[in-house]
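*Asks:* following is a predicted model, sequence given first.
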Amino acid sequence: MFSPADRSQALRALGQLSVAPKYRPSHQLARKDFWPEWFADLSEEDRRKAAWVSGESEGIYFAWIAFDTAFADRRPLAAVLLDTRPHRLTPGARSYLRRALASHLGPYEVVEVRLEEGLRMRDLWTDRVVWVRERRGTRQLARWDVLAARLVEEADGSYVMEGPVLAFPPYAADGILSELRRAHRAFSRRHPAGDAAAFFKRIGPLLHELWLEEVVLRPEPRFVTPEGDQVVFARVTFEVKDPGRLAEQLTGHPELVQNDDSTYAWLETAGSEDTPRRSLGTLSIEGNHLVLEAISTQRAERGRRMLEERAGDAVRFLSAEHTDAAEAMRQIKAEAARGTSVPEPTPAIPPELEAEALGKYYEEHYRAWPDTPLPALGNRTPRRAARLKTWRPRVIALLKMLENHSERLRREGRPAYDFSWMWDELGLDRP
């Protein structure tokens, strides 16, 4: 058994040993193996991105030379420390080093978060589920997060995380496993007698490289509508001058369907067997204002023309606003990376009305989602893809991404959607 003080003593001793002048050549060779060859050819912008996360890279490198790779005298640094300076360590520190030497960096999926207690994590390679004692991480991680983590086993069979954790988005799990299987086949050809533990002692640099590619240097996604237009949150506002005539025109329009809450769904024929009609936006009457909400500037402009032609002088155009969510997120990330504070944006509408509007939008959007063709599913609908063996894993990955994002919104006190019903709706077992 080891205590936090034992662990601290062991890590200090490892740090002191690692900077000994005689190990400088070892560091040169190890860093060459740890960093991918393509890193030297990165643009200046990508190098700046990598610099933001250099602490994680250095932490993963240090644990790799300390516990995994043949760093000095063909042994990890911790083995050298135990052999040459055991008298300087407490029994607990020696126990910690021995247990850490039995660990390795591996791929895990978070399947349960218990705030201030710990995490239940599934080993993506073996499918084994383990309990990890952790407090700080429970405030940062959410269900379905994918991690490259080093877990050190304790005497009671539980685990603790050692060193930095490399966090991936939920959709990265399949890609990580594919790369690991390819690497394992190559390892097995070179080392027929090697076991899984020996393999994972070697793949720290590979998981670090995948993290650089998938997270740090991955281009910002571009979200588009089925028409290929950029996704923005658009809001068009009219003054209602003749409520009776407006209600008559809206009720009689073939593309508008009145909902139970007196809003209108704006629909069009989608031309798909699975989805005969597609949602284009929502209309609602707020006091003496008619508001059209859509997810692209083009849809908002089309809706404005439709309403002006249909309602005539029963309404008067007031304003059109749109918010580019992707650009706002990039700015927030850039400010956070520079360590500066990010002021809260001034909401265009009161928070309680914003939450209500988002709730209506989420409900309308996600109730239609199972029957919406998606590029990520080869333009199949989630309902159809869930029935196909080859596409079912992608549907599950998409649901995990949606639940993961929703959980983070919920923790921030922001409106979030409950996707639990969708698993049954699509005939899928929720993991």
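*Replies:* Alright, I've got the coordinates.
*Asks:* centroid-nearest residue for the chain?
*Replies:* residue 169 (3.0 Å; CA atoms, centre = their mean).
*Asks:* how about the helix or strand encompassing residue 248: buried residues?
*Replies:* Element membership for residue 248 (DSSP states H and E) is helix 243-251. When neighbours are counted by 16 or more other CB atoms under 10 Å, the buried residues of helix 243-251 are found to be 246-247, 249-250. In this view, the C-beta of every residue, glycine as well, is placed from N, C-alpha and C.
*Asks:* ok, back up a step: residue 122 versus the residue nearest to the centre of the chain, what's the distance?
*Replies:* 16 Å (CB to CB, to the nearest Å).
*Asks:* I'd assumed residue 113 was in contact with residue 119.
*Replies:* Yes - with contact defined as CB atoms under 8 Å, residue 119 and residue 113 form a contacting pair (5.9 Å).
*Asks:* mutual contacts of those two, please.
*Replies:* Listed as contacting both residue 119 and residue 113 by CB atoms under 8 Å, 6 or more residues apart in numbering are 138, 141.
*Asks:* so the residue nearest to residue 137 when sequence neighbours are not counted: helix, strand or coil?
*Replies:* Using CB to CB, 6 or more residues apart in numbering and skipping residues adjacent in sequence, the residue nearest residue 137 is residue 119, 6.4 Å away. Of the three states, residue 119 takes strand according to DSSP: H, G, I helix; E, B strand; the rest coil.
*Asks:* ok, residue 119 - contacts?
*Replies:* 110, 112-113, 131-132, 134, 137-138, 141.
*Asks:* name the nearest of those relative to residue 4.
*Replies:* Nearest to residue 4 among the contacts of residue 119 is residue 134, at 13.1 Å by CB to CB.
*Asks:* same question for stretch 303-317, mean pLDDT?
*Replies:* With pLDDT averaged residue by residue, stretch 303-317 scores 92.
*Asks:* re earlier: the residue nearest to the centre of the chain and residue 182: what is the separation?
*Replies:* Residue 169 is 21 Å from residue 182, by CB to CB.
*Asks:* ok, residue 158 next?
*Replies:* 32 Å.
*Asks:* residues in a beta bridge with the nearest residue to residue 83 once chain neighbours are set aside, which ones?
*Replies:* Nearest residue to residue 83, sequence neighbours excluded (CB to CB, 6+ apart): residue 75, at 7.9 Å. On the basis of DSSP bridges, residue 75 is bridged to residue 72.
*Asks:* now residue 75: how far from residue 107?
*Replies:* 26 Å.
*Asks:* mind giving me the packing neighbours of the helix or strand hosting residue 279?
*Replies:* Per DSSP H and E, residue 279 falls inside strand 277-286. Packing partners of strand 277-286 (3 or more CB pairs under 8 Å, 6 or more residues apart in numbering; DSSP states H and E): strand 264-269, strand 289-294, helix 297-311, helix 351-368.
*Asks:* out of the ones you listed, which gets nearest to residue 228?
*Replies:* Of all the helices and strands packed on strand 277-286, helix 297-311 comes closest under CB to CB, at 9.4 Å.
*Asks:* using PDB, list the CA coordinates for that closest one.
*Replies:* Output of helix 297-311 as PDB, limited to C-alpha atoms (Å, rounded to 0.1, in the frame of the first residue of the first chain):
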ATOM      1  CA  THR A 297     -29.200  32.400 -42.900                       C
ATOM      2  CA  GLN A 298     -30.600  31.000 -46.200                       C
ATOM      3  CA  ARG A 299     -33.600  29.300 -44.500                       C
ATOM      4  CA  ALA A 300     -34.300  32.500 -42.500                       C
ATOM      5  CA  GLU A 301     -34.300  34.600 -45.700                       C
ATOM      6  CA  ARG A 302     -36.500  32.100 -47.500                       C
ATOM      7  CA  GLY A 303     -38.900  32.100 -44.500                       C
ATOM      8  CA  ARG A 304     -39.000  35.800 -44.500                       C
ATOM      9  CA  ARG A 305     -40.000  35.900 -48.200                       C
ATOM     10  CA  MET A 306     -42.600  33.300 -47.600                       C
ATOM     11  CA  LEU A 307     -44.200  35.200 -44.700                       C
ATOM     12  CA  GLU A 308     -44.200  38.500 -46.400                       C
ATOM     13  CA  GLU A 309     -45.800  37.000 -49.500                       C
ATOM     14  CA  ARG A 310     -48.400  35.100 -47.500                       C
ATOM     15  CA  ALA A 311     -49.300  37.500 -44.800                       C
END
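*Asks:* looking at the protein, which helix or strand does the model trust least?
*Replies:* Of the helices and strands making up the chain, the lowest-confidence element is helix 325-337, at a mean of 48, by mean pLDDT, DSSP states H and E.
*Asks:* all set, thanks.
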